[in-house]
Structures are given as structure tokens and as C-alpha cells.
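>>> next comes the sequence, and after it the predicted model I'd like to discuss.
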Amino acid sequence: MASNRPNQPGSGPPGAGSMGGRTFGAFDEPRLSADDFRALRDVVNAYCGIDLAPDQRASVERRLRERVSLAGFETFSEYVRFLRSDPNARAELEDAVDALTTNETYFFREEYQLRAFREEVIPILARQAAARKRLAIWSAGCSTGEEVYSIATLLLESHELAGWDLRVYGSDISKRCLAQARRAVYGPSSFRVTSPEAKRRWFIERPEGWMVSERVRQLCHFGHLNLLEGDRATAVGRVDAIFCRNVLIYLDGRARRRVIDLFHDRLYPGGILLLGHSESLLNVSTAFELLHLRDDLVYRRPAPTGFGFASPRAMRAAAPVEDPPLSEPRARRRGTP
């Protein structure tokens, strides 16, 4: 079996050589040079804001090697040149980014945050949206959909939202992940922290796995979206809360600011932004208030006077505090995992 590692210059069996960035001979695998990697990194960054580090070159080469072949090229140089300059390269660029992204998720992930959402955030949102009796939540970077369906079950379980128009939108840059999300059938790895009770209540066993119940799926809508193309996010409309967990860590500073500006624009006044536990808005945006919950820190788009909180105990605006840096996990409060 051929190795997944590229041949090094001068290595390999007798008769192997190289030409134009391509190793030929027994292994016959294209190699990604440092120059081609830098050019590819710039293309990917301009498209979606992902910041590829130099030490990721081997991983990028491994993940894109099949794309080079499927696109009909023999070398990475040709492939990168196509992505940079050909007006018809958009579809291939989407496939390349799809191959580069890591999609690791499962139902009810980061339970402490979902608990905070259920017990403290939903009451706030219910009060703010009481006049319209409609609540919309957006999962930005939803991967294969487990987060979207988890949020939907929490909304359905809330007595405060009984009879409301409830919608959960999921968007992702990966069309492959979205196809799985729409299929709504999952294997054992997606249920690693799901309680037996929740599994019985919200899922139906099928020969190919466990399918999300129709009642939950009716609330959920999925769409392909590159978060840097904010004009397309208008299809989501205004939302009451946004989950964007473990997305910002992959973006450079410029892209983070654009994405956060988009979220601010899409949220109703008083709307809530929930990030991953290792993410913050420090040095990214001052447009949000930092709010302390019992089990989490979240962000709120400031509301005009009169919106108010559900109760002083449920949620309270923080006095000015030092926001934890993006690279360091936020301190978890008592009772969280």
C-alpha cells in the first residue's frame, strides 16, 4: 500500500524522480511545495477566512491529494494556479475547503452551555419576543446537524414557548455535512453523551441508524453559507440567538471581525451570541455586552431601554471585566463539566 506521506527529495525506490512538483515512480503522488502552500493558503483565506498555519502543510497535502486528481491535474502547482485564476474554480474551491475542514460534533455537546441556554437564556428570549410569539435560533457552522437538532429539542421542552412559532436554522460551509444533516440519521458516535430518555423521546431507530423525529425536524432548516459572504445570510432573517461554537478559532482577525459584525446585524436587539468555551470577543468587537450566567459567559447585542431581563437572578449584565483571550478557555463555574 502506498504511503500517505510524500516522498522526500532523493528518497524512494530506484528509478523514482520528480518533475514540476510531482513525484513519479513507484509512489507517483503529487507534492505540495512551500510556495504552492503559501499561494493556496492565501486563496483559502480570501474565500472563507480560514488561517492555515505553516505546520499544516503536510496535512493539507494529504487532504487535497485526491482533489488534485479528481479535478484532472497532475501537480499541486497546476491545481493551485487553477484555484487562483480560473473563473470556473468556485465549485472546486468549495470542495477543497470542504476537504480541509474538520467536523467533529455530537448531540448535546458542551452540556453546561446548553443547560445555561435552557434554564437562563430561553426565559430571557421568551420575554423579549412575547409580543410576536416567534423565536428563531441560528447555528452558524452547524457541521452535520447535531447541534441544530439539540437546540430544537430544548425549545420543544420549554413550557414558556408552548404554541410559539419556533425555528432553528443551521448553516455550514460544507455541503457534504449539510447533506448528512438533512438526512437526519446518526450512528453511535453522535450519541456519546445523550441520555437514554432523550434518545427514546427524540429519535426513531432505523436499520441504518437513529433518525431525528419528525416533530424535531419540522423546526429545523439547513442552508449552505460561507460566513464571509454576509449578504447571503439575509435569507436567515433576524434571529434571537446565535450559536457559533469553535468556528472563530480557525479564522484570522480580519475574518473574525467580519463574522461578528454579521452576527450583530442579524440579531434582534437583546439577542444572545453563544461561542465555544475557548473563544471570546477580546480584540474582535466592542459591540456586544458580556453577560454572566450561572454556568457560562455569553454575549448580548445591547437592547434599547425597556427590554429588560427576565429576572435579576436569571441573567445580569456584567460590570466591565477583562474578557478572556481567544486562546485561553473561559473559567467554568461550579457545577459545569
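Sure, I can see it.
>>> how about the helices in this structure?
For the chain, the helices defined by DSSP state H cover 34-48, 57-70, 76-85, 90-100, 111-116, 122-128, 146-157, 175-183, 196-202, 214-217, 253-266.
>>> who's in contact with the third one?
So that's helix 76-85. Here helix 76-85 makes contact (CB atoms under 8 Å, 6 or more residues apart in numbering) with 20-22, 30-33, 36, 39-40, 43, 61, 64, 67-68, 71, 73, 89, 92-93, 96. Every C-beta, even on glycine, is put in place using the N, C-alpha and C of the backbone.
>>> what's the offset of it from the middle of its chain?
27 Å (CA atoms, centre = their mean, to the nearest Å).
>>> thought residue 296 was touching residue 116?
Yes - between residue 296 and residue 116 there is a contact at 4.2 Å, judged by CB atoms under 8 Å.
>>> what comes up buried for stretch 45-57?
Under the neighbour-count criterion of 16 or more other CB atoms under 10 Å, stretch 45-57 has 45, 47, 48, 49, 50, 51, 52, 57 buried.
>>> hmm, I typed the wrong one, I wanted stretch 275-292.
275, 276, 277, 278, 279, 280, 281, 284, 285, 288, 290, 291.
>>> would a markdown table of those residues with pLDDT be doable?
Below are the buried residues of stretch 275-292 laid out as a markdown table (pLDDT from 0 to 100):
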| residue | pLDDT |
| --- | --- |
| 275 | 97 |
| 276 | 94 |
| 277 | 90 |
| 278 | 90 |
| 279 | 95 |
| 280 | 94 |
| 281 | 96 |
| 284 | 95 |
| 285 | 95 |
| 288 | 97 |
| 290 | 95 |
| 291 | 94 |
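>>> so which of the residues you listed belong to strands?
Counting by DSSP state E, the buried residues of stretch 275-292 place 275, 290, 291 in strands.
>>> contact partners for the first one?
Residues in contact with residue 275, defined by CB under 8 Å, 6+ apart, are 244, 245, 248, 281, 298, 299.
>>> apply 6 Å and report the result again.
Residues near residue 275 by CB atoms under 6 Å, 6 or more residues apart in numbering: none.
>>> how close does it sit to residue 266?
Here residue 275 is placed at a distance of 15 Å from residue 266 (CB to CB, to the nearest Å).
>>> where does pLDDT dip in the protein?
1-28, 305-337 (pLDDT under 70).
>>> which residue is nearest the middle of it?
residue 141 (2.3 Å; CA atoms, centre = their mean).
>>> residues near the residue nearest to residue 163 when sequence neighbours are not counted, how many?
Setting aside the residues directly before and after it, residue 163 is nearest to residue 133 in space (CB to CB, 6 or more residues apart in numbering), at 7.1 Å. Applying other CB atoms under 10 Å, we find 12 residues neighbouring residue 133.
>>> ok, now residue 166?
Residue 166, neighbours per other CB under 10 Å, totals 20.
>>> check residue 43 too.
Residue 43 has 17 nearby residues by other CB under 10 Å.
>>> same question, residue 90
11.
>>> pull out the buried members of the contacts of helix 76-85.
Counted by 16+ other CB under 10 Å, the contacts of helix 76-85 give 21-22, 30-33, 36, 39-40, 43, 61, 64, 67-68, 71, 73, 89, 92-93, 96 as buried.
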